[in-house]
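Enquirer: build me a model:
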Amino acid sequence: MYKLFRWAKPYKFLLTVILILSLIIPITYSYVPQFIKYVVDIVFERNLKSDVTLPGFTVAFFKTFTNPLDAALVVGIVLLVYQSVRASLLFLNGYIKGLFAEKITYDMRNQLYGHIQNLSYTYHSDTDAGDLIQRCTSDVDTIKSFISAQFPQVMHIIGSMAAGIYQLSFISVELMLVTLAVVPIVFVTSLIYFKYVRKKFDEVELIESDLTTVIQENVNGVRVVKAFAMEKHEIERFDKQNKQFRDESRNLNSAMALFWGLSDGIIMVQYGATVIAAIFLNRNGAISTGDIMAGIMYISMLVYPIRGLARIIGDFGKAIVASKRVDEILSIPDEYAINGDLKPVINGDIVFDNVSFKFDDTEKHLLNGVTFAINKGETVAIVGKTGSGKSTIANLLVRMLEYNKGSIKINGVELKDIEKHHIRNNIGIILQEPFLYAKTISENIRIANDKIDLDNVYRAANAAAVHKDIVEFNLGYETVVGEKGITLSGGQKQRISIARMLILEKPVIIFDDSLSAVDTKTDVEIRNALKSSSKEMTSIIITHRITTAKEADKIIVLEGGVVSAIGTHEELANMPGLYQSLWKIQGSLEEEFTHLVKDGGEVLE
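Expert: Prediction:
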């Protein structure tokens, strides 16, 4: 309950006003039947023994009109004014509810979205995007709806029942007891319904989350689906998940239909029993005709609120499940729970000393006693087979991951003592799989700082060897690249992502196999541009391409999470080991290709 209602804490005043209005509005309605009773019993039937619960000054005013039609007209006008006041209260209540709901929703979405942004790299690697989307949308809406609408309805029920019981007991205690006889039955069935709905809604939420994930994966991977002619398979996969969601939803809806149908039947029976009891009491002279009419109106104030309580209970079950799902995210410590507070000058001096790393859910080390040093301004290549730990080194350097043993020092300062934002502001990483936003090329390059001028954008694009491609588009740098850059080739996306990082002029740049999507000629152009643009920038190139690695000042060879060799290309190419084996394969291909290509890049006939 605390986790559910903590969202309302900043808006206690609004919630208090809503609860007060929700209590007052049904109480004010309880006097409406008294106007009807006054007209029927006193004005038309002249039953002066009949009494009403209207305020004394109102009754005294009505009695000044002796003509029945005049009296009925005056009562009608007063009732119209009274209902207008009630309508104003209803409008005010609805307006404040809407304001309250949107403020809560705004806070929830911002806090949830902000927390998701700050969760660790490891968490995002193991979590379905579709599930996170659902928690930020439908789960938030469920919580908002309950707190702002269903919960205040509890006060409405209390006010309605209290006023209804009072007014009915004033007419006839016997009639009141007959009407209340159905309340325990409806209440018990509501509790049973609540227990079932809470469990079933939890199951439906999980299935809907899986369905959302299937949709999200298929939309993102539509080109892969088409490339492998997998449309039929994906449709069948979605259909299977959709059927499961349909069946579970149908079971939930069947339970809802059974409950509402049963409760409607009980209420109709109750109406009949109350009318029969009222007629019997009227024949015995215990109540008047006006009492019968007012009593029928009061039934709705007693029975329907209890029926509405079932809906609130059901929605409460949904809100509890949604709140639990939202709290599951918020209860996960964000990555800045473990942080440093130092902000040293970073120029590219990096030392790994006996560094080891493994994930918490395994005993297998991805890195085991890795030791090497990188000097300011050096270009260092890291090569190795897939799974040897190359990308892990990159992620450790930007503190996406935290090393378990050993030491990493940046300019003599322990990496764990350096504030994460400071590290990432000084060490840039260009990933193998670039992500572009559905914005213009210019906006994508300036995504980290929209105040950068166009001259710097052009300079970064030239350094990334993508400027010539961009200017050939009809709109040039104002070309919208589409979602995830779908309108661009893989090499163009990769080069734009490189330009996006280069424009920030960070002292250390890590290329995490990000040159693999460009051809060898473009690869050389980019690396030459990097050398000429900044002699002091430290470049770390993670690659499988030996032709890229051989130009580096230093090459680090990783095998099974261990550094097996460090040296220049000439040294390693003449040393037995993995690098020499790779060079024999790739180097021979390079030499063969070189013989076929002129200086201008044209293939000889």
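Enquirer: where exactly do the strands run in the chain?
Expert: 350-357, 367-374, 379-384, 405-410, 413-414, 427-430, 508-512, 538-542, 554-559, 562-567 (DSSP state E).
Enquirer: of these, which is nearest residue 104?
Expert: Residue 104 sits nearest to strand 427-430 of all those, at 37.5 Å, using CB to CB. To be clear about C-beta, it is placed using only N, CA and C from the backbone, and glycine gets the same treatment.
Enquirer: so which of the strands of the chain gets nearest residue 79?
Expert: The closest of the strands of the chain to residue 79 is strand 427-430. By CB to CB, the value is 72.9 Å.
Enquirer: if we can go back for a sec, redo the strands of the chain as CSV? Include distance to residue 481.
Expert: Output for these, formatted as CSV (distance: least, CB to CB, whole Å):
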stretch, distance to residue 481
strand 350-357, 34
strand 367-374, 34
strand 379-384, 30
strand 405-410, 34
strand 413-414, 39
strand 427-430, 17
strand 508-512, 21
strand 538-542, 25
strand 554-559, 34
strand 562-567, 39
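Enquirer: among those strands, which is nearest residue 466?
Expert: Between residue 466 and those, the shortest gap by CB to CB is with strand 427-430, which sits at 12.9 Å.
Enquirer: and that closest one, what does it pack onto?
Expert: helix 390-397, helix 490-502, strand 508-512 (3 or more CB pairs under 8 Å, 6 or more residues apart in numbering; DSSP states H and E).
Enquirer: turn the ones you listed into a markdown table, including distance to residue 380.
Expert: Output for those, formatted as a markdown table (distance: least, CB to CB, whole Å):
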| stretch | distance to residue 380 |
| --- | --- |
| helix 390-397 | 10 |
| helix 490-502 | 17 |
| strand 508-512 | 10 |
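Enquirer: what's the closest of these to residue 143?
Expert: Here helix 390-397 is closest among the helices and strands packed on strand 427-430 (CB to CB), at 34.8 Å.
Enquirer: what's in contact with that closest one?
Expert: The contact list for helix 390-397, computed with CB atoms under 8 Å, 6 or more residues apart in numbering, reads 121, 350, 352, 355, 357, 366-367, 370, 382-384, 401-403, 408, 415, 423, 427, 429, 432, 508, 510, 512-513, 540, 542, 558, 561.
Enquirer: show me which of the residues you listed are buried.
Expert: 350, 352, 355, 357, 366-367, 370, 382-384, 401, 403, 408, 415, 423, 427, 429, 432, 508, 510, 512-513, 540, 542, 558, 561 (16 or more other CB atoms under 10 Å).
Enquirer: specify the beta-bridge partners of the residue lying closest to residue 427 once chain neighbours are set aside.
Expert: Distances taken as CB to CB, 6 or more residues apart in numbering put residue 508 closest to residue 427, at 4.3 Å, once the chain neighbours are dropped. Residue 508 forms beta bridges with residue 427, residue 538, as assigned by DSSP bridges.
Enquirer: confirm for me that residue 508 is in contact with residue 540.
Expert: Yes. The pair residue 508 / residue 540 is scored as a contact, 7.1 Å apart, by CB atoms under 8 Å.
Enquirer: can you give me the helices in the stretch 101-250 of the chain?
Expert: 121-125, 129-136, 138-145, 151-171, 173-180, 183-220, 222-227, 231-283 (DSSP state H, counting those that start in this stretch).
Enquirer: equivalent analysis for the stretch 501-605 of the chain, please.
Expert: Going by DSSP H, counting those that start in this stretch, the stretch 501-605 of the chain shows helices at 520-533, 546-549, 569-573, 578-596.
Enquirer: elements contacting the shortest one?
Expert: Under the contact criterion of 3+ CB pairs under 8 Å, 6+ apart, the helices and strands touching helix 546-549 comprise strand 379-384, helix 520-533, helix 578-596.
Enquirer: least confident of these, on average?
Expert: In terms of average pLDDT, helix 578-596 trails the rest of these, at a mean of 66.
Enquirer: got the domain ranges for the protein?
Expert: Domain assignment for the chain by automatic domain parsing gives 2-335, 350-596.
Enquirer: residue 341 is nearest to which of the ones you listed?
Expert: domain 350-596 (5.9 Å).
Enquirer: ok now the closest one, how far from the chain's centre?
Expert: Mean C-alpha position of domain 350-596 versus that of the full chain (CA atoms, centre = their mean, to the nearest Å) differs by 32 Å.
Enquirer: and the helices and strands packed on strand 427-430, which one averages the lowest pLDDT?
Expert: helix 490-502 has the lowest average pLDDT among the helices and strands packed on strand 427-430, namely a mean of 84.
Enquirer: in that helix, what counts as buried?
Expert: Buried residues in helix 490-502, counted by 16+ other CB under 10 Å: 491, 492, 493, 494, 495, 496, 497, 498, 499, 500, 501, 502.
Enquirer: excluding its backbone neighbours, what's nearest the fifth one?
Expert: Same thing as residue 495. Residue 495 sits nearest to residue 466 (CB to CB, 6+ apart), 3.7 Å away.
Enquirer: count of neighbours near the one you found?
Expert: Residues near residue 466, counting by other CB atoms under 10 Å, number 26.
Enquirer: what's it in contact with, if anything?
Expert: Listed by CB under 8 Å, 6+ apart, the contact partners of residue 466 are 492, 495, 496, 498, 499.
Enquirer: just the closest of those to residue 578, please.
Expert: Proximity of the contacts of residue 466 to residue 578 (CB to CB) peaks at residue 498, which lies at 27.2 Å.
Enquirer: pretty sure that closest one contacts residue 529?
Expert: No. Taking contacts as CB under 8 Å, residue 498 lies outside contact range of residue 529: 9.9 Å.
Enquirer: list residues touching both of the two?
Expert: Counting by CB under 8 Å, 6+ apart, the residues touching both residue 498 and residue 529 are 463, 464.
Enquirer: buried sites along stretch 397-413?
Expert: So for stretch 397-413, counting by 16+ other CB under 10 Å, buried means 397, 398, 399, 400, 401, 403, 406, 408, 409, 410, 411, 413.
Enquirer: so, low pLDDT: which residues of the stretch 201-350 of the chain?
Expert: For the stretch 201-350 of the chain, the stretches with pLDDT under 70 are 220, 223, 227, 307, 310.
Enquirer: beta partners for residue 413?
Expert: Residues in beta-bridge contact with residue 413 (DSSP bridges): residue 410.
Enquirer: you'd agree it is up against residue 342?
Expert: Yes. Counting by CB under 8 Å, residue 342 is a contact partner of residue 413 at 5.9 Å.
Enquirer: confidence score at the residue nearest the centre of the chain?
Expert: Residue closest to the average C-alpha location in the chain (CA atoms, centre = their mean): residue 136, at 2.1 Å. Residue 136 carries a pLDDT score of 85 in this model.
Enquirer: let me see the contact set for it.
Expert: 109, 112, 113, 116.
Enquirer: and if you look at residue 180?
Expert: Residue 180 touches 165, 302, counting by CB under 8 Å, 6+ apart.
Enquirer: before we move on, the earlier item: please report how far the residue nearest to the centre of the chain lies from residue 438.
Expert: 19 Å (CB to CB, to the nearest Å).
Enquirer: again with residue 481
Expert: Plainly put, residue 481 is 7 Å away from residue 438 if you go by CB to CB.
Enquirer: for residue 26, which of the helices of the stretch 101-250 of the chain is the nearest?
Expert: Of all those, helix 151-171 sits nearest to residue 26, with 3.7 Å by CB to CB.
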